[in-house]
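1. A predicted structure for the sequence below; I have some questions about it.
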Amino acid sequence: MPGGRLNQQERQQISLGLADSQPYAAIARRLGRPTSTVTREVMRNGGPTAYRADLAHRAAEHRARRRGATSARAVERAPQPHGRDAEAMAEYEETLTTVLMKSGLATMAARVLTCLFVTDAGSLTAAQLAQRLQVSPASISKAISFLESQSLVRRERDEGRRERYLVDDDLFYQATIASARANDQLVDVARQGVTLLGPHTPAADRLENVARFLGFISESITRAAEQAREALRGGPGTTPAQPTRAEPGGDAAEGGVAP
């Protein structure tokens with residue numbers, strides 16, 4: 001299996017495969033590369049609908065030049081804490097960023113969130129993020145604003161009155177609950193449509209099914225989030241209880257945990 005960076009011919013093969021709607025795994029097999037390599041290449045260069053081999057190759061060359069220019073500084077950098085391998089950490093951060101992008105985050109938001117995840121303190125200032133990612137403060141500010149709107153990061157001021165951005169366990173609970181509430185709003189609007197369209201008409205039935213489905217999902221998500229938070233507060237080794245199954249549009253079975 002070939003190693004090293006992708007070359008221009010391989011990127012052209014990726015572009016052709018995407019044009020034929022081939023899955024990443026099939027493209028990777030043809031190139032003799034891991035699927036993760038192809039996935040990362042496509043997601044960091046516009047995604048499957050916007051990927052262009054020539055632009056992707058130029059971007060890769062630019063990144064290589066930038067890494068070369070900073071390699072001397074990297075040698076002098078303090079060693080990774082806890083004996084971590086710097087090269088392995090860089091590869092992991094790239095992989096995590098790619099997965100976050102596949103989940104729907106924009107590139108810079110994914111990079112910022114990755115930095116916060118892998119920092120032991122779980123928090124960084126805007127200046128620290130800009131330095132680590134080699135981007136402008138404006139790019140950091142835009143990414144943070146989006147992540148805050150999704151309840152994925154929060155701000156606090158340290159003793160020096162500097163603003164810090166951080167992630168913690170409770171943020172994922174808050175983000176999950178916010179998602180469930182957004183579902184609840186859609187349920188309410190769908191049921192308004194049922195009333196307006198008239199009961200038992202095809203359009204009303206369709207919206208009622210949407211409302212029942214999303215209502216069931218929202219209830220299940222909320223219950224699971226509550227159970228997971230309680231389990232995590234119990235410390236390592238505590239397993240969250242399985243959510244009680246509820247019928248769409250109905251109440252949870254007896255013995256379930258109320259949201």
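-> Everything's here; your move. Residues are numbered from 1 along each chain as shown.
2. tell me the pLDDT at the residue nearest the centre of the chain?
-> Centroid-nearest residue in the chain: residue 100, 2.8 Å away (criterion: Cα atoms, centre = their mean). pLDDT for residue 100: 86.
3. Contact partners for it?
-> Residues counted as contacts of residue 100 (Cβ atoms under 8 Å, 6 or more residues apart in numbering) are 109, 110, 113, 114. Where you see a C-beta, it was placed from the backbone N, CA and C, and this is true even at glycine.
4. Residue 169 too?
-> With Cβ under 8 Å, 6+ apart, residue 169 has these contacts: 229, 232.
5. and residue 44, how many residues sit next to it?
-> 20 (other Cβ atoms under 10 Å).
6. ugh, wrong one, residue 52
-> Residue 52 - counted by other Cβ under 10 Å - has 15 other residues nearby.
7. what's the answer for residue 86, then?
-> Residues near residue 86, counting by other Cβ under 10 Å: 11.
8. so what's the closest residue in space to it that isn't next to it in sequence scoring on pLDDT?
-> Spatially, and ignoring its direct neighbours in sequence, residue 86 is nearest to residue 80 (5.1 Å; Cβ to Cβ, 6 or more residues apart in numbering). On the pLDDT scale, residue 80 is placed at 71.
9. tell me which element residue 9 is part of?
-> helix 8-19 (DSSP states H and E).
10. tell me which helix or strand of the protein sits lowest on mean pLDDT?
-> helix 53-76 (a mean of 67; mean pLDDT, DSSP states H and E).
11. Can you pull out the low-pLDDT segments for the chain?
-> The model of the chain has pLDDT under 70 over residues 1-3, 66-79, 160, 235-259.
12. Start from the N-terminal end of it and give the helices.
-> All helices of the chain, identified by DSSP state H, fall at 8-19, 24-31, 35-43, 53-76, 86-102, 107-118, 126-133, 137-149, 169-197, 202-233.
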